[in-house]
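Engineer: no letters, just coordinates:
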C-alpha cells in the first residue's frame, strides 16, 4: 500500500495497512496544497485516476488556495479534493470540482463525503458562490451513486469530454450552494 505522510516529501511503501473500522471526528484533518507537498498530490492522482494530469494542472492547483485540500487520517494522507472557482457573467461563481479521491484501503469510511462537505461549507461561506458542479465518467457507477447521495443532480451527458480514456463521455452533476 502507498503511504503518504504529512510533513514528508518522501513516499514509503508498506506491506500492509492498518484497518480502520470507524472514523472518529478527530481522526480526519485537512491540509492545504503547497509547493512543498504538490508532489504528493501528483502521486495520489496517479494512483487514483486513469488520467495523467499535466504540469500545468499541478501549477494551477497551487493557485486554488483553500479550494484544494488533502485529507489526513492520523497524519497519513488518504485522499484529496481539488476545486476551482469559475466566474460567471452575473458576477457570481461556480465551484468546479476537479478531483475527489480516497485511497482504496480507506474507502467506505465517509472520508470522501467529509472532504466534499468541507469544500461545500467553504463555498457556502462565500455568498457569491451559487453552485457546485463536476463531471463523472459515464460508467463510473460508484462515483455516480456517491454524488447522488450527496445531493447532486445528474444533468446531461457531455459527449467526448475525456480525450485519452474510454469511455470518453461524462455525466454532468450539479448542486446549488445553500448559504
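Structural biologist: Looks like it arrived, so ask away. What you see is a predicted model; the values in this text were computed from it and never measured.
Engineer: for this protein, longest strand please?
Structural biologist: Longest among the strand segments of the chain by residue count, using DSSP state E, is strand 76-87.
Engineer: give the buried residues for it.
Structural biologist: Buried residues in strand 76-87, defined by neighbour count with 16 or more other C-beta atoms under 10 Å: 76-85. All C-beta atoms are positioned from the backbone trio N, CA, C, and that covers glycine.
Engineer: likewise stretch 171-179?
Structural biologist: Neighbour-count burial for stretch 171-179 flags 171-173, 175, 177 (criterion: 16+ other C-beta under 10 Å).
Engineer: also stretch 153-172?
Structural biologist: Buried-residue list, stretch 153-172, by 16+ other C-beta under 10 Å: 161-162, 170-172.
Engineer: just the ones in strands from those, please.
Structural biologist: The subset of the buried residues of stretch 153-172 located in strands under the criterion DSSP E comprises 170-172.
Engineer: of these, closest to residue 24?
Structural biologist: Of all these, the one sitting nearest residue 24 is residue 171; the distance, using C-beta to C-beta, is 33.4 Å.
Engineer: ok, and the closest non-adjacent residue to the closest one?
Structural biologist: If the residues on either side of it in the chain are set aside, residue 171 comes closest to residue 136, at 4.8 Å by C-beta to C-beta, 6 or more residues apart in numbering.
Engineer: what's the answer for residue 113, then?
Structural biologist: If the residues on either side of it in the chain are set aside, residue 113 comes closest to residue 150, at 6.4 Å by C-beta to C-beta, 6+ apart.
Engineer: from residue 173, how far off is the one you found?
Structural biologist: Separation of residue 150 from residue 173 (C-beta to C-beta, to the nearest Å): 9 Å.
Engineer: can you classify the residue most central in space within the chain as helix, strand or coil?
Structural biologist: In the chain, the residue lying closest to the centroid (C-alpha atoms, centre = their mean) is residue 100, at 1.9 Å. Here residue 100 is recorded as strand under DSSP: H, G, I helix; E, B strand; the rest coil.
Engineer: could you say which helix or strand contains the nearest residue to residue 132 once chain neighbours are set aside?
Structural biologist: Nearest-residue entry for residue 132: residue 95, 4.3 Å, with adjacent residues in sequence omitted and distances by C-beta to C-beta, 6+ apart. Under the assignment given by DSSP states H and E, the secondary-structure element containing residue 95 is strand 93-102.
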